[in-house]
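1. build me a structure from this.
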Amino acid sequence: MSTSVAVLPGIFSGSRTTRRLRQLLHESGHTVTANLADADIVIAHSAGCLDARTAAPGQIVVLVNPPYWPGRTIRERVHNRMHSNLLFYRRGISFGQWAVRNLWGIWYALSQPRRNRFITRHMAAFNLPEFMYGRRRVIIVRNELDDWLTPELDGIGGENPDCAVTIIRLPGDHDDFNYNPGRYVDLLQSIHEQ
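-> Numbering: from 1, shown residues only. Presented below is the predicted three-dimensional model:
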């Protein structure tokens, strides 16, 4: 049975930066849908998690590095992200991959001004524990070098006993979702098989 998946990219991302992910999903037998309501599984990266708030309670929601770090300002997170972004070569990412990803980031920054304004206005208010209320299953993925999601996730979701919360830690940094999409397809395969 094919599982339908909706992909919600982050702030400076879109169909070009998630093209390889969608291709791998298709090759592994998933149906990729642009309509959130038609998806069995919603996978959202970073600021795309703001869009995942409209997912139905029965959908499985996978949040990859959601923008949630109590006590750390957006300014601090942006500063840390800009610095770590320049250390791409330490994570096995070629200059070409890094340059293409960042050029697309500039394109999406310029071509989606309304979406980006919405995200920047609402990102600081994203409340991960509150997001889980009324949901059946939420999977939170945190990359070990992420600048946007707190590493202190123990007990998160404990206030909502009706929601099954799974926390998965993966190698990589915040943009690993774009650089190594195979990891996330494997993750979705394991969810589908459960």
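2. from here on, contacts and neighbour counts on C-alpha atoms
-> Fine.
3. quick check: mean pLDDT across the helix or strand where Gln97 lies?
-> Remark: Gln97 resides in helix 95-111, with elements defined by DSSP states H and E. Per-residue confidence for helix 95-111 averages out to 78 on the pLDDT scale.
4. so what strands line up beside whichever strand or helix holds Ile139?
-> Here Ile139, judged by DSSP H and E, is contained in strand 137-145. Take DSSP bridges as the rule and strand 137-145 pairs in its sheet with strand 60-64 (parallel), strand 164-173 (parallel).
5. list the buried residues in the last one.
-> I take that to be strand 164-173. Of the residues in strand 164-173, those buried by neighbour count under the rule 16 or more other Cα atoms under 10 Å are Val165, Gly172, Asp173.
6. circling back: what is the subsequent helix or strand relative to the helix holding Gln97?
-> The first helix or strand that comes after helix 95-111 along the chain, using DSSP H and E, is helix 113-122.
7. report all helices and strands that that next one contacts.
-> Other helices and strands packing on helix 113-122, by 3 or more Cα pairs under 8 Å, 6 or more residues apart in numbering; DSSP states H and E, are absent; none qualifies.
8. what packs against the very next helix or strand once past that helix?
-> Where DSSP H and E defines the elements, the next helix or strand beyond helix 113-122 is helix 128-131. Using 3+ Cα pairs under 8 Å, 6+ apart as the contact criterion, helix 128-131 has no neighbours among helices and strands.
9. what does helix 128-131 contact?
-> Contacting residues not belonging to helix 128-131 are listed as Arg53, Pro66, Tyr68, Ile156, Gly157, Glu159 [Cα atoms under 8 Å, 6 or more residues apart in numbering].
10. can you turn the buried part of those into a ChimeraX selection?
-> With 16+ other Cα under 10 Å as the burial test, the buried ones among the contacts of helix 128-131 are selected in ChimeraX as follows:
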select :66,68,157
